Each structure stands twice: as C-alpha cells, then as structure tokens.
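Engineer: Need coordinates for the following:
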Amino acid sequence: MHPIIYDVAVSLDGFICGPDEDVSQFAHDGEVVEDYNRRLSTYATAIMGRSTYEFGYKFGLVAGQNPYPHLKTIVFSTQMEAPNESKIVVQRDISDGLMKDIAAASDGPIYLCGGGDFAGSLLMKGMIDRIVLKRAPIVLGGGVSLFGQRQTKAPIRRVSTKTYDNGYVLEEFTL
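Structural biologist: Prediction:
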C-alpha cells in the first residue's frame with residue numbers, strides 16, 4: 001500500500017488560500033517550488049475534492065481535463081459530473097475500503113492536493129499517512145483552513161524540517 005501524502009502550502013495562520021481563493025501571496029517560483037515539483041514527479045496518483053478541482057477552472061482547466069497529466073487523478077464529489085471523454089475519475093464517497101483500494105492499486109505515493117475540508121475528512125478517518133507543509137511567511141487572515149471546518153485531533157510527529165532563504169519552512173510529519 002502506498003502512502004497518502006497531504007502536500008500543501010499553508011500560511012502562518014493556517015490557511016491554504018486566502019479569501020476568494022486567493023493564492024497570489026504564495027511563492028510561484030524559487031527553490032521551494034522547485035522542491036515541490038521534484039516531489040510531484042514522485043507521486044503516481046492525485047486525489048482532491050471538487051472545490052480544489054474546480055479551482056483550476058480559474059487557470060484554464062477544462063471540465064474533465066487532468067490537472068496532473070502524469071498522474072491518475074481522482075476527484076471526490078457527490079455533485080460533480082465528469083464529461084464522457086474525461087481524463088479524471090470521479091468518486092462519490094470516501095469509504096475506508098475505497099481509499100485502501102486506491103492506495104493498493106496506485107503505482108506509487110498518493111498526492112492529496114486538497115482541499116481543506118476533504119483533507120479534514122481524511123484526517124478524521126485516519127487516512128493520511130504523511131503531511132508535507134510548505135509554511136509560507138505570510139498571514140492571510142482568512143480563507144480555506146488547512147483541515148477545513150473539521151475539528152479533530154491526530155497524533156503527529158515531525159520527521160524533517162528545511163528552511164529556505166525566502167522565509168519558507170518545509171516541514172514533514174508522519175501520523
């Protein structure tokens with residue numbers, strides 16, 4: 001079984017995007033982004049919630065298009081319909097059995113790329129194996145929080161930390 005890894009940028013006040021889904025204050029280049037792209041190349045499957053997938057529409061993503069063409073991409077939604085020629089898979093529920101099947105069938109690690117509520121629901125079910133935070137030296141004051149509206153506790157252990165010249169801190173945790 002391959003691990004599910006929540007790999008996400010987060011502000012100092014715990015938001016993965018600001019109000020109105022604003023991500024403009026997060027780094028879009030430099031070493032922290034280069035390291036992210038290297039990690040991205042090691043993932044085999046991407047999973048996300050509907051809101052995260054549809055966020056891509058703001059940047060030219062078309063319904064059914066895979067935002068990560070080198071990965072099998074699964075969008076979890078009870079409402080979204082994928083076009084017939086879709087390059088993504090839409091799943092309706094987040095059952096323990098389904099997530100285990102995805103982890104077993106994947107050719108490598110699974111990239112949980114968002115969003116907050118989806119990640120929170122997986123955390124509540126104990127389905128996240130690792131968390132990789134790109135902690136940005138910014139305060140957003142609102143937006144989507146790291147684990148959405150979910151209130152849960154989880155024992156975690158930090159296993160590595162890397163500091164970047166631009167003020168970012170990369171932290172990796174295991175659960």
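
Engineer: Show me the helices in this structure, by range?
Structural biologist: Using DSSP state H, the helices assigned to the chain run over residues 31-40, 50-55, 96-105, 116-124.

Engineer: Mean pLDDT, mean neighbour count and distance to Y6 for the ones you listed - can I get that in TSV?
Structural biologist: C-beta: built from backbone N, CA, C; applies to glycine. Shown next, in TSV, are the helices of the chain (pLDDT from 0 to 100; neighbours: other Cβ atoms under 10 Å; distance: least, Cβ to Cβ, whole Å):
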stretch	mean pLDDT	mean neighbour count	distance to Y6
helix 31-40	97	14	12
helix 50-55	94	21	12
helix 96-105	90	14	13
helix 116-124	93	21	5
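
Engineer: can you tell me which of those helices comes nearest to V8?
Structural biologist: helix 116-124 (7.6 Å; Cβ to Cβ).

Engineer: returning to that earlier point: next, format the helices of the chain as a markdown table and append distance to S11.
Structural biologist: As requested, these are exported to a markdown table (distance: least, Cβ to Cβ, whole Å):
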| stretch | distance to S11 |
| --- | --- |
| helix 31-40 | 14 |
| helix 50-55 | 16 |
| helix 96-105 | 28 |
| helix 116-124 | 12 |
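
Engineer: Tell me which of these sits nearest to D7.
Structural biologist: D7 lies closest, by Cβ to Cβ, to one member of the helices of the chain: helix 31-40, at 6.2 Å.

Engineer: how far out from the middle of the chain is the closest one?
Structural biologist: In terms of Cα atoms, centre = their mean, to the nearest Å, the centre of helix 31-40 is found 14 Å from the chain centre.
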